[in-house]
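In: Provide a 3D model corresponding to the input given below.
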Amino acid sequence: MAEDPKAQVPVKLYYRIGEVAQIVGVEPHVLRYWETEFRSIRPQKSRKGQRVYSRRDVDKLLKVKDLLYTHRFTIEGARRRLRESGLEPDAPRLSPPARSLLVGLRDEIRAMLAELESSGSRQG
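Out: Numbers count the residues shown, from 1 in each chain. Model (predicted):
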């Protein structure tokens, strides 16, 4: 019978990304990717800008790995399962006025970029 991965986690206040990668059994770039996909995984940053994971972060990462690698969930499926178990917050919802404001800003930026590109091609 396989050992419980949580039993292998050394008891510490914080862990660096290399330690966490070794504990979880994935490369550091995978941990960084998971941070972008799962809102509940947000390690603190040290004064030097290094990621500092808590025991809770390590436990969540072990759960994510289990869902993705053992149970073969997709990222979205794993996110949904974590939400159902209360480990992942719901995705933020924009109010209609906020969405409308952001869409307007996006359109303005696109128009400015198009204008810059056309003026740049005339000069070159």
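In: drop to CA atoms for contacts and neighbour counts, all remaining ones
Out: Will do.
In: Okay, strands next: where are they in this protein?
Out: For the chain, applying DSSP state E gives strands covering 15-16, 44-45, 51-53.
In: number of nearby residues for Val64?
Out: Around Val64 sit 23 other residues, with neighbours defined as other CA atoms under 10 Å.
In: so who does it touch?
Out: Ala78 (CA atoms under 8 Å, 6 or more residues apart in numbering).
In: Same list (the strands of the chain) but as CSV, adding mean neighbour count.
Out: Shown next, in CSV, are the strands of the chain (neighbours: other CA atoms under 10 Å):
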stretch, mean neighbour count
strand 15-16, 18
strand 44-45, 13
strand 51-53, 18
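In: Among the ones you listed, single out whichever gets nearest to Tyr69.
Out: Closest approach to Tyr69 among the strands of the chain (CA to CA): strand 51-53, 21.2 Å.
In: Parallel or antiparallel, list what pairs with the closest one.
Out: Its sheet considered, strand 51-53 pairs with strand 15-16 (antiparallel), strand 44-45 (antiparallel) by DSSP bridges.
In: among these, which is nearest Thr70?
Out: Closest among those, once you apply CA to CA, is strand 15-16, at 24.1 Å.
In: hmm, who's touching that closest one?
Out: By CA under 8 Å, 6+ apart, strand 15-16 touches 50-55.
In: For the strands paired with strand 51-53, give me TSV that also has distance to Leu62 and mean pLDDT.
Out: Formatted as TSV, the strands paired with strand 51-53 follow (distance: least, CA to CA, whole Å; pLDDT from 0 to 100):
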stretch	distance to Leu62	mean pLDDT
strand 15-16	14	95
strand 44-45	18	93
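In: Mind putting those strands into a markdown table with distance to Glu108?
Out: Shown next, in a markdown table, are the strands paired with strand 51-53 (distance: least, CA to CA, whole Å):
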| stretch | distance to Glu108 |
| --- | --- |
| strand 15-16 | 42 |
| strand 44-45 | 34 |
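In: Select, out of those, the one closest to Leu61.
Out: The nearest among these, by CA to CA, is strand 15-16 at 12.5 Å.
In: circling back to that earlier point, with respect to Arg99, which of the contacts of strand 15-16 is nearest?
Out: Arg51 (31.9 Å).
In: Many thanks, have a good one.
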